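Colleague: Kindly return the folded structure for what I paste below:
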Amino acid sequence: MPTANGGRTNPLRDPRDKRLPRIAGPCGLVIFGVTGDLSRKKLMPAIYDLANRGLLPPGFALTGFARRDWATEDFGQVVYDAVREHARTPFRQEVWDRLAEGLRFVQGSFDDDAAFDELERTVRELDEVRGTGGNHAFYLSIPPSAFPVVCKQLARSGLSGSYEDTWRRVVIEKPFGHDLESAKELNAIVNEVFPEDSVFRIDHYLGKETVQNVLALRFANQLFEPIWNANYVDHVQITMAEDIGLGGRAGYYDGIGAARDVIQNHLLQLLAFTAMEEPTSFSSDELRAEKTKVLKAVKLAQPLDETTARGQYEGGWQGGEEVPGLKEEEGFNPESTTETFAAITCEVENRRWAGVPFYLRTGKRLGRRVTEIAVIFKRAPHLPFDATMTEELGQNAMVIRVQPDEGATIRFGSKVPGNQMEVRDVTMDFGYGNAFTESSPEAYERLILDVLLGEPSLFPVNEEVERSWEILDPVLEHWASLPQGPDGYPAGSWGPDSSAEMLARTGRQWRRP
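Modeller: Numbers count the residues shown, from 1 in each chain. From the prediction side, this is the model:
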């Protein structure tokens, strides 16, 4: 695995002890879009939490770039406030003091040559003063439309170029394009400046402990893998539900919609983790090769009229509060056909999964906030019981909860206490909060550390991104061709009737998370 100091062994870690934490070598991080919510609520707190856990080098440097008329002291106060409000770990003054020494701020716009020249001088100064060793990552927490100009400025100013055993990396937030064509254009623009092994496309869902636990459950145990196939699995449901509406994001969301926002990246990545074959090792190359291989085998079930569904939330009651419908949200075009609920049916055309449908759904203003992967098993081929003994017995299921109650549940049948033979569903439950004394790090902690370490396993490559758009584009084109818009569904429900009908056609139904 590449190390954070240009391929050399990290002097802070004894290679004989594999249980020691991974600690980043000398390096710095530059954040573009440092005034945004993502930076304030996620990135800055994650950097402090990494420092608090001793996973950043003592000389770590954080540079903010924005148009605000700030001095470095102003930027320091913004970071301090974000840390005190949003950090996961307890505040320690000595950790903050050490981190604050490496803070810098550069004012300017993306098309300002002088500002990028000043940023280059700042980075060189940090190499000398903080010992960052020429190793710097550039986090583009900015709209994709700004990627070309920022990448060109990084190249023009010499910031993107590494030398000898140093490294330069770029971190890109989703969305990775709007469709296949725009994704290819975006990838070409970024790769013109940074080689693919220096590009880290962040999907924060892949930094969650429970997503990575899919691999542990499958490949570290003999218990599950033998039945993880079409011989035993009836179907798979992957759900990401939110109980909130658009709020102030109406302008951003219109024209994007639930499918582009969630299915193309989060849910297809969860499908890949669930359906992939066992890699020969857990090196980044092998892991990503298996993910790409299974995505190439994914096809949309046909016909799309019957195997997809979309909707827009309407006004209603949620959590004891009356909430507006989508078209009453401030700043949203009432004529818009942008969906807030999307569901699709996929098939994986290989020997392991032939005939097993994968149902993917996401939506806003649904019954509760939850993300889960539910593997629903086939019924036993023979039940030596009277029908009345098992009338309340459902199908066995393995449910991996990604959020908010991280863990896993197994549902199976058990005898009800009493004189009669009566079988009902019971569950065995594993929760991260109960099983481990250490709390799970936030996804951005894991992913930022992986960027600084040069560990790319959890970051999709060009081929994965483009393949995901190849899968989704026909659905988006089909929906755009329909004369009618999305179906309405009441706030607090689990989506439009067309979503339930999508499964009912095959005798199945959605789980109630």
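
Colleague: And the host helix or strand of residue 150, what does it pack against?
Modeller: For residue 150, the host element (DSSP states H and E) is helix 147-156. Using 3 or more Cβ pairs under 8 Å, 6 or more residues apart in numbering; DSSP states H and E, the elements in contact with helix 147-156 are helix 113-129, strand 136-140, strand 168-173, helix 180-193. Just so you know, the C-beta spots here come from the backbone N, C-alpha and C atoms, and that holds for glycine as well.

Colleague: I'd like the average pLDDT over it.
Modeller: The predicted model assigns helix 147-156 a mean pLDDT of 95.

Colleague: Run through who's touching that helix.
Modeller: Helix 147-156 has contacts (Cβ atoms under 8 Å, 6 or more residues apart in numbering) with 32, 110-111, 113, 116, 138, 140, 142, 159-161, 170, 172, 186, 189-190, 192-194.

Colleague: Buried residues, the longest helix along the chain. List them.
Modeller: What stands out as the longest helix in the chain, according to DSSP state H, is helix 462-481. Neighbour-count burial for helix 462-481, with 16 or more other Cβ atoms under 10 Å as criterion, is recorded at 462-469, 471-473, 475-476, 479.

Colleague: Would you format those as a markdown table with distance to residue 77 and pLDDT included?
Modeller: Output for those, formatted as a markdown table (distance: Cβ to Cβ, whole Å; pLDDT from 0 to 100):
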| residue | distance to residue 77 | pLDDT |
| --- | --- | --- |
| 462 | 39 | 91 |
| 463 | 43 | 93 |
| 464 | 39 | 94 |
| 465 | 37 | 94 |
| 466 | 42 | 95 |
| 467 | 44 | 97 |
| 468 | 40 | 96 |
| 469 | 41 | 97 |
| 471 | 45 | 98 |
| 472 | 42 | 97 |
| 473 | 45 | 97 |
| 475 | 46 | 98 |
| 476 | 43 | 97 |
| 479 | 46 | 97 |
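
Colleague: got the residues you listed as CSV, with distance to residue 491 columns?
Modeller: Output for these, formatted as CSV (distance: Cβ to Cβ, whole Å):
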residue, distance to residue 491
462, 38
463, 39
464, 34
465, 32
466, 35
467, 34
468, 29
469, 30
471, 29
472, 26
473, 30
475, 24
476, 25
479, 22
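
Colleague: Out of these, flag the one nearest to residue 449.
Modeller: residue 464 (21.2 Å; Cβ to Cβ).

Colleague: Test my guess that that closest one contacts residue 291.
Modeller: Yes. Residue 464 is in contact with residue 291 according to Cβ atoms under 8 Å; the separation is 6.2 Å.

Colleague: Identify the contacts common to those two.
Modeller: 269, 272.

Colleague: Buried residues of stretch 29-38, list them for me.
Modeller: Per 16+ other Cβ under 10 Å, stretch 29-38 contains these buried residues: 29-36, 38.

Colleague: Over to stretch 302-317?
Modeller: Per 16+ other Cβ under 10 Å, stretch 302-317 contains these buried residues: 304, 307-316.

Colleague: List the contacts of residue 267.
Modeller: Residue 267 touches 238, 240, 360, 362, counting by Cβ under 8 Å, 6+ apart.

Colleague: scratch that, residue 505
Modeller: residue 306.

Colleague: pLDDT weak spots in the stretch 151-300 of the chain?
Modeller: 248, 251 (pLDDT under 70).

Colleague: try 90
Modeller: 161-165, 173-177, 202-217, 220, 246-255, 281-285 (pLDDT under 90).

Colleague: Leaving out chain neighbours, which residue sits closest to the residue nearest the centre of the chain?
Modeller: In the chain, the residue lying closest to the centroid (Cα atoms, centre = their mean) is residue 205, at 2.4 Å. Nearest residue to residue 205 in three dimensions, chain neighbours excluded: residue 266, at 4.6 Å (Cβ to Cβ, 6 or more residues apart in numbering).

Colleague: my guess is the one you found contacts residue 203, does it?
Modeller: Yes. Applying Cβ under 8 Å, one finds residue 266 in contact with residue 203, separated by 6.4 Å.

Colleague: Show me the domain layout of this protein.
Modeller: Domain assignment of the chain by automatic domain parsing yields the ranges 28-173, 207-504.

Colleague: So which of the ones you listed is nearest residue 179?
Modeller: So among the domains of the chain, domain 207-504 is nearest, using Cβ to Cβ, at 5.5 Å.

Colleague: Report how far apart the opening and closing residues of that closest one are.
Modeller: 34 Å (Cα to Cα, to the nearest Å).

Colleague: Same question for stretch 307-327.
Modeller: 26 Å.

Colleague: going forward, begin numbering at 55 instead of 1
Modeller: With the count now opening at 55, the last piece we talked about shows up as stretch 361-381.

Colleague: for that stretch, what is the average pLDDT?
Modeller: Here the average pLDDT along stretch 361-381 is 91.

Colleague: for stretch 131-151, same thing?
Modeller: Mean predicted confidence for stretch 131-151 is 96.

Colleague: State whether residue 348 is indeed within a helix.
Modeller: Yes. Judged by DSSP: H, G, I helix; E, B strand; the rest coil, residue 348 forms part of a helix.

Colleague: Give the closest residue to it in space, chain neighbours not counted.
Modeller: Per Cβ to Cβ, 6+ apart, closest to residue 348 is residue 330, 4.5 Å.

Colleague: do the same with residue 547
Modeller: Per Cβ to Cβ, 6+ apart, closest to residue 547 is residue 421, 6.7 Å.

Colleague: Equivalent analysis for residue 121, please.
Modeller: Leaving out its chain neighbours, the residue that sits closest to residue 121 by Cβ to Cβ, 6+ apart is residue 163, at 5.4 Å.

Colleague: distance of that neighbour from residue 191?
Modeller: 21 Å (Cβ to Cβ, to the nearest Å).

Colleague: Those two: which has the busier surroundings?
Modeller: residue 191 (21 against 13; other Cβ atoms under 10 Å).

Colleague: contacting residues for the nearest residue to that one once chain neighbours are set aside?
Modeller: Nearest residue to residue 191, sequence neighbours excluded (Cβ to Cβ, 6+ apart): residue 223, at 4.4 Å. Going by Cβ under 8 Å, 6+ apart, residue 223 touches 190-192, 248, 252-254, 505, 508.

Colleague: quick one: which of the residues you listed is most hemmed in?
Modeller: Top of the contacts of residue 223 by neighbour count (other Cβ under 10 Å): residue 192, with 26 neighbours.

Colleague: shouldn't it be in contact with residue 86?
Modeller: Yes. Residue 192 lies in contact with residue 86 (Cβ under 8 Å); the separation is 6.9 Å.

Colleague: re the thing from before, quick check: the residue nearest to residue 121 is in a helix.
Modeller: No. Counting by three-state DSSP, residue 163 is not part of a helix but coil.

Colleague: can you tell me how far it sits from residue 226?
Modeller: 20 Å.

Colleague: what does the longest helix of the chain rub up against?
Modeller: With contact meaning Cβ under 8 Å, 6+ apart, helix 516-535 is reached by 230-231, 233-234, 237-238, 241, 245, 250, 255, 313-314, 317-319, 322-323, 326, 342, 345-346, 349-350, 352-354, 358-359, 362, 364, 391, 393, 398, 400, 514, 540.

Colleague: Among those residues, the buried ones, what's the PyMOL command?
Modeller: Buried subset of the contacts of helix 516-535, written as a PyMOL selection, criterion 16+ other Cβ under 10 Å:
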select buried, resi 230+231+234+237+241+255+313+314+317+318+319+322+323+326+342+345+346+349+350+352+354+358+362+364+391+393+398+400+514+540
